[in-house]
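Student: need a 3D model of the following:
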Amino acid sequence: MNKMKYVLNENTGHFLLFPSDNGMAHSDVCMVEKWTNAGFVCISEKDGTVECFGESVSLGLKTGNRDSIIINRGINGFF
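Tutor: Model prediction:
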């Protein structure tokens, strides 16, 4: 599985995924949109589905209950 960071606005469904190993903090993308949730995703190499977990210390935001569903829908077209 590939691990990445994410931020999400659950009101609009907009999200950003970015590498977790490049030194970027969640707060580096805070000016793009008003984010409601943030954390990490693991992307399955088998089927491309994502699972969200954790929290962003730099933004003070946590993973929401529907984050995996919203991001899977956006990436893979299903939930």
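Student: need the helices for this structure, in chain order.
Tutor: 67-76 (DSSP state H).
Student: the strands in it, which residues?
Tutor: For the chain, applying DSSP state E gives strands covering 2-9, 14-19, 37-43, 50-53, 55-56, 61-62.
Student: for A25, see how far away V57 is.
Tutor: As judged by Cβ to Cβ, to the nearest Å, V57 and A25 stand 8 Å apart. Heads up, the C-betas are built off the backbone N, CA and C, glycines and all.
Student: then M4?
Tutor: Applying Cβ to Cβ to M4 and A25 gives a distance of 13 Å.
Student: ok, these two, which is more surrounded?
Tutor: M4 (15 against 12; other Cβ atoms under 10 Å).
Student: the more buried one bridge partners, please.
Tutor: Going by DSSP bridges, M4 is paired in beta bridges with P19, V41.
Student: what do you get for E51?
Tutor: Going by DSSP bridges, E51 forms beta bridges with C42.
Student: was I right to think it contacts C42?
Tutor: Yes: taking contacts as Cβ atoms under 8 Å, E51 lies within contact range of C42: 5.1 Å.
Student: re the thing from before, among the strands of the chain, which is nearest C30?
Tutor: In terms of Cβ to Cβ, the element of the strands of the chain nearest to C30 is strand 2-9, at 7.7 Å.
Student: mind listing what's buried in that closest one?
Tutor: Across strand 2-9, burial judged by 16 or more other Cβ atoms under 10 Å covers 5-9.
Student: that one to helix 67-76, inter-axis angle?
Tutor: Interaxial angle of strand 2-9 relative to helix 67-76 (axes from the mean of the first three to the mean of the last three Cα atoms, to 10 degrees): 100 degrees.
Student: helices or strands up against strand 2-9?
Tutor: In terms of contacts (3 or more Cβ pairs under 8 Å, 6 or more residues apart in numbering; DSSP states H and E), strand 2-9 is packed against strand 14-19, strand 37-43, helix 67-76.
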